[in-house]
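Colleague: predicted model and sequence below, questions to follow.
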Amino acid sequence: MQIDEAVTTRIQQLLKERGWTANELIRRSGVKQSTMAEIMSGRSKYPRINTIKNIAHGFGMTLSEFFDHKMFED
């Protein structure tokens, strides 16, 4: 799995666990709707680390916690 795919999958997983929509995450993270749409659709092949950090914070977690999942293991 490519890193961009793993990021999208991780976001989808966390949204499902919390019962949130993407709009709820957008509200909580401050990430622009267009940016989130690019990431979620897979059109953003190289999302900025600062964007992922804001998404992680929107979920109430650190960047390390976001990436602490088996899908990011090599």
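Modeller: It's in.
Colleague: list the residues that contact the residue minimising distance to the centre of the chain.
Modeller: The chain has Ile11 as the residue nearest its centroid, 3.9 Å off, counting by Cα atoms, centre = their mean. Ile11 is in contact with Leu25, Ile39, Met40, Ile55, counting by Cβ atoms under 8 Å, 6 or more residues apart in numbering. The C-beta positions use only the backbone N, C-alpha and C, and glycine is treated the same way.
Colleague: what's the answer for Lys53, then?
Modeller: For Lys53, the contacting residues are Leu63, by Cβ under 8 Å, 6+ apart.
Colleague: all numbers from here: first residue = 420
Modeller: Will do, 420 is the new start, and the previous item becomes Lys472.
Colleague: which SSE is it in?
Modeller: Counting by DSSP states H and E, the element that carries Lys472 is helix 468-477.
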